[in-house]
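> Here is my input; please provide its structure:
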Amino acid sequence: MLRPRGRSSGAPGARRRNSQRQRHPRSRRFPVPDARMSRSLISWPWLAGFFDGEGTIRLQGSSGIMWSLAQSHDRGLRVLREVQEFLATVGCKSTIYKRRPDGCHCLWIVRRSVVCKVLQNLMPHLRVKKSEAQDILRYMQLFPLRDRGPTLAACISQGRLAGKLVTGENHFRAKLTENGVREIRVLLSQGRSACSIARDFKVHFNTICAIKRGRTWKCVA
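As a prediction, the model looks like this:
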């Protein structure tokens, strides 16, 4: 006699799945800070990881810079409020608003001095957006409030530093030194592969290829 299918069917696969669900609840597998636990979790390293994944920073208006975090659900709104309280404890005032088109909640900071303070605290812990934060900090040093100057992309492409054209190892985005570039060229002439050289100097494979083809570091003889 066939048994009807249902919760009491007793299939081994169903029992295994139910036991796994009871053993590993979703809240334990994916720990997201909520209103009860975020006070103890939020710190500058945690906020740097949050900003790497959910944050943006960009130029706004004639001389403004906006730093923001976005969340699309109600639980994320509670986290944004806890982040706002954490920033308030260190003297960084922020605002939370709801965007009309998509309904996302955003925490943003537009005051240049506050953005600079937040980025300086996040800089040692950033990974994904570290280069963008460095560019913004250098841009604010070159062009203070109400002195917009050229665009950020133009400053990066020209390597501007204190109004001068900077090349080589003095460029603030340089990963190699002039002696290192000369050593790389010697290794390439000896037949070393670009991948092995990139691992030794801890740079990307394309960086070594650009040196090999003469597209970069033209100032080094």
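> how about the residue nearest to I57 when sequence neighbours are not counted, phi and psi?
Computed as C-beta to C-beta, 6 or more residues apart in numbering, the closest residue to I57 that is not its neighbour in sequence is W67, at 4.9 Å. All C-beta atoms are positioned from the backbone trio N, CA, C, and that covers glycine. Phi and psi for W67, reported as degrees, to the nearest 10, are phi -110, psi 130.
> do the same with the one 5 residues further on
With angles defined as degrees, to the nearest 10, S72 sits at phi -110, psi 10.
> what do you get for G91?
Per degrees, to the nearest 10, the backbone of G91 is at phi 80, psi 20.
> which residues touch it?
Neighbouring residues of G91 by C-beta atoms under 8 Å, 6 or more residues apart in numbering: K117.
> mind checking how far it is from N121?
Relative to N121, G91 is positioned 11 Å away (C-beta to C-beta, to the nearest Å).
> How about S72?
In this view, S72 and N121 are 26 Å apart by C-beta to C-beta.
> Now do the domain split for the chain, please.
38-144, 175-213 (automatic domain parsing).
> what's the burial count for V203?
V203 has 16 neighbours, counted by other C-beta atoms under 10 Å.
> next one: S131
With other C-beta under 10 Å as criterion, S131 counts 11.
> For the strand or helix carrying it, name the packing helices and strands.
Element membership for S131, per DSSP states H and E: helix 130-142. Judged by 3 or more C-beta pairs under 8 Å, 6 or more residues apart in numbering; DSSP states H and E, the packing partners of helix 130-142 are strand 55-60, helix 112-122, helix 152-158, strand 160-161.
> If we use 6 Å, what do you get?
Helix 130-142 makes packing contacts with helix 112-122 when contacts are defined by 3 or more C-beta pairs under 6 Å, 6 or more residues apart in numbering; DSSP states H and E.
> Also compute the angle for the helix it packs on relative to strand 55-60, please.
Orientation check (axes from the mean of the first three to the mean of the last three C-alpha atoms, to 10 degrees): helix 112-122 against strand 55-60 gives 150 degrees.
> residues of the helix holding S131 that come out buried?
130, 132-133, 135-140, 142 (16 or more other C-beta atoms under 10 Å).
> quick one on the thing from earlier: who has more neighbours, S72 and N121?
Each of S72 and N121 has its neighbours counted (other C-beta under 10 Å); N121 has more, 15 against 12.
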